[in-house]
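Colleague: sequence? don't have it. structure:
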């Protein structure tokens, strides 16, 4: 077999990094990948003693996320734990949960599993049917709520998400096409915390392509599943935009980095959402006015809002997982009035 | 020259005829052949004997490779 050689050391390469125009071996690819993740963490202000709760789905991106954070933890001195949501979507959820549990266990990172069927008596398919909303819409709403609630209850400083650079580029293009400029504002590497209501969302894989994320997970021998959610279709706008952007990157190497670099610098120039962030009178978490969308959804489906019960359930799962950080008294992170949960 | 490609996550194995280059099959040519067959969209990672390969790598005739689709769905 004939393999291109690493530009740094001359060993067999495992990837050609288009934005760097370089072939890299495993070791130098890991160094490149972790350097990019570290840069995002440092620019977001992650410091010694900060607490990061990583959202892990069981897929390649969250496996790469957890692996890279675990590797960077000794050097940067932050505390790390993970949360997984079992969405109750049949075999897909069973396989995803197993992968998340295996990966967290392999790395020795405490993991809390939030099981929707256990907490609510139903998973995403039933919630979708009962609310007459598309499954992806319900799933997004529930995940945003549960992940934020878990981060608040854990006393985390950051909720780390596995969104990669291609995800962000696709969201940004979709937002631009729709002229949803408020959505563009939320697409920086960090969406700041809102004191007591929402924990800042950190995107450590912001400058990592989806291909790099997969190669990192493979070469680090991470545990993940390639199984896809049965509700995702190739026709979805984000998926089509990603395919288009991959082709654009082939003919214009570095264009994704250019978009993301500019977005990271300029996202705060876009308008703030109308309406101030407020506290849900039922569950006490973030709302864009009145009762939050999770309490409203569960009120429609079950007859009573499930926010308070979900928070209590999450507290118990965190305690069982040994994620017992002392809640911060108050956070000083800037409030930019970003009412939505990105 | 022919290569067997196992497509993931589809779980399908296909045999692909690819023009010989440098005494074997260039990964890029294999990927392009799969695209022409309508089997792929977006980026992929080709794994041979447990190692990911760059697109300039050349694999021996008759090899079996795994072709992982990079693209996933997801939401904000």
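Modeller: Sure, I can see it. The structure displayed is predicted, hence computed values, not measured ones.

Colleague: residue ranges of the helices in the chain, please?
Modeller: I'll assume chain A. A:26-43, A:60-76, A:90-107, A:116-120, A:124-131, A:135-154, A:165-177, A:181-185, A:210-219, A:237-251, A:255-266, A:293-302, A:307-321 (DSSP state H).

Colleague: was after chain B, sorry
Modeller: Here chain B has its helices, by DSSP H, at B:27-36.

Colleague: what about it, any weak spots by pLDDT?
Modeller: B:73-76 (pLDDT under 70).

Colleague: who in the stretch 1-150 of chain A is up against chain B?
Modeller: A:1-4, A:12-16, A:23, A:59-61, A:136, A:139-140, A:143 (Cβ under 8 Å from any Cβ of the partner chain). Where C-beta positions appear, they are placed from N, C-alpha and C, glycine not excepted.

Colleague: Which strand in chain A has the most residues?
Modeller: strand A:79-86 (DSSP state E).

Colleague: Show the buried residues in the residues of the stretch 1-150 of chain A next to chain B.
Modeller: By neighbour count, with 16 or more other Cβ atoms under 10 Å in any protein chain shown, these hold A:3-4, A:12-16, A:23, A:59-61, A:136, A:139, A:143 as buried.

Colleague: Residue of the stretch 101-250 of chain A nearest chain B, please.
Modeller: Per Cβ to the nearest Cβ, residue A:232 is where the stretch 101-250 of chain A lies closest to chain B, at 3.2 Å.

Colleague: What does the pLDDT read for that residue?
Modeller: Per-residue pLDDT puts residue A:232 at 79.

Colleague: wait, isn't it in contact with residue A:239?
Modeller: Yes: using Cβ atoms under 8 Å, residue A:232 is in contact with residue A:239, at 7.3 Å.

Colleague: How far does the least confident helix or strand in chain A by mean pLDDT sit from its chain's centre?
Modeller: The weakest-scoring helix or strand in chain A, judged by mean pLDDT, DSSP states H and E, is helix A:237-251 (a mean of 87). Centre-to-centre, helix A:237-251 and its host chain are 21 Å apart (Cα atoms, centre = their mean, to the nearest Å).

Colleague: I'd like to know which elements that helix is packed against.
Modeller: For helix A:237-251, the elements it packs on are helix A:165-177, helix A:255-266, judged by 3 or more Cβ pairs under 8 Å, 6 or more residues apart in numbering or on different chains; DSSP states H and E.

Colleague: Go again with 10 Å.
Modeller: helix A:165-177, helix A:210-219, helix A:255-266 (3 or more Cβ pairs under 10 Å, 6 or more residues apart in numbering or on different chains; DSSP states H and E).
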